[in-house]
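Q: Fold the following, please.
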Amino acid sequence: MREADETTRQRLADALRTEPATPSELAVELDLTPQAVLRHAEHVSRSVDSSETDEQLLVAPPTCRDCGFDDFDDLLNLPSRCPNCKSESITEPTLTIES
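A: Just a heads-up that it's a prediction; the model follows:
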């Protein structure tokens, strides 16, 4: 299949099967916004989990660089502040598809 024939979600899934990446890294690769990557990742997660393969979308949570807090409610999100220490120094979640 040519790259032009693939949907955005197929290209996202293929990228995540290759190596872990943050929404910003994927946004550059797929010419999307980080928020759009996260919306597509939600759908990819459903299709990968329901497929006949043993694959699943794994998410390393965002983490506060100042206090280490990583217990965010929504892992597929780009939090702006740490609820623990109110720092704005938050790493992005890292996404990958593993079987």
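Q: Report the helix or strand with the lowest average pLDDT across this protein.
A: None of the helices or strands of the chain scores lower by mean pLDDT, DSSP states H and E than helix 34-50, at a mean of 92.
Q: Centre of the chain to it, how far?
A: 8 Å (C-alpha atoms, centre = their mean, to the nearest Å).
Q: repeat for stretch 63-79
A: On the basis of C-alpha atoms, centre = their mean, stretch 63-79 sits 13 Å off its chain's mean C-alpha point.
Q: before we move on, the earlier item: using PDB, list the CA coordinates for the least confident helix or strand of the chain.
A: Taking C-alpha atoms only, helix 34-50 is exported to PDB below (Å, rounded to 0.1, in the frame of the first residue of the first chain):
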ATOM      1  CA  PRO A  34      -0.300  17.200  19.100                       C
ATOM      2  CA  GLN A  35      -4.000  17.400  20.200                       C
ATOM      3  CA  ALA A  36      -5.100  15.800  16.900                       C
ATOM      4  CA  VAL A  37      -2.500  13.000  17.400                       C
ATOM      5  CA  LEU A  38      -4.100  12.200  20.800                       C
ATOM      6  CA  ARG A  39      -7.600  12.200  19.400                       C
ATOM      7  CA  HIS A  40      -6.500   9.800  16.700                       C
ATOM      8  CA  ALA A  41      -4.600   7.700  19.300                       C
ATOM      9  CA  GLU A  42      -7.800   7.100  21.200                       C
ATOM     10  CA  HIS A  43      -9.400   5.500  18.100                       C
ATOM     11  CA  VAL A  44      -6.200   3.600  17.300                       C
ATOM     12  CA  SER A  45      -6.300   2.200  20.800                       C
ATOM     13  CA  ARG A  46      -9.800   0.900  20.300                       C
ATOM     14  CA  SER A  47      -9.100  -0.700  16.900                       C
ATOM     15  CA  VAL A  48      -5.800  -2.200  18.000                       C
ATOM     16  CA  ASP A  49      -7.300  -3.700  21.200                       C
ATOM     17  CA  SER A  50     -10.300  -5.100  19.300                       C
END
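Q: remind me which residues of the protein are low pLDDT?
A: 1-5, 51 (pLDDT under 70).
Q: what about the strands in the protein?
A: 56-60, 94-98 (DSSP state E).
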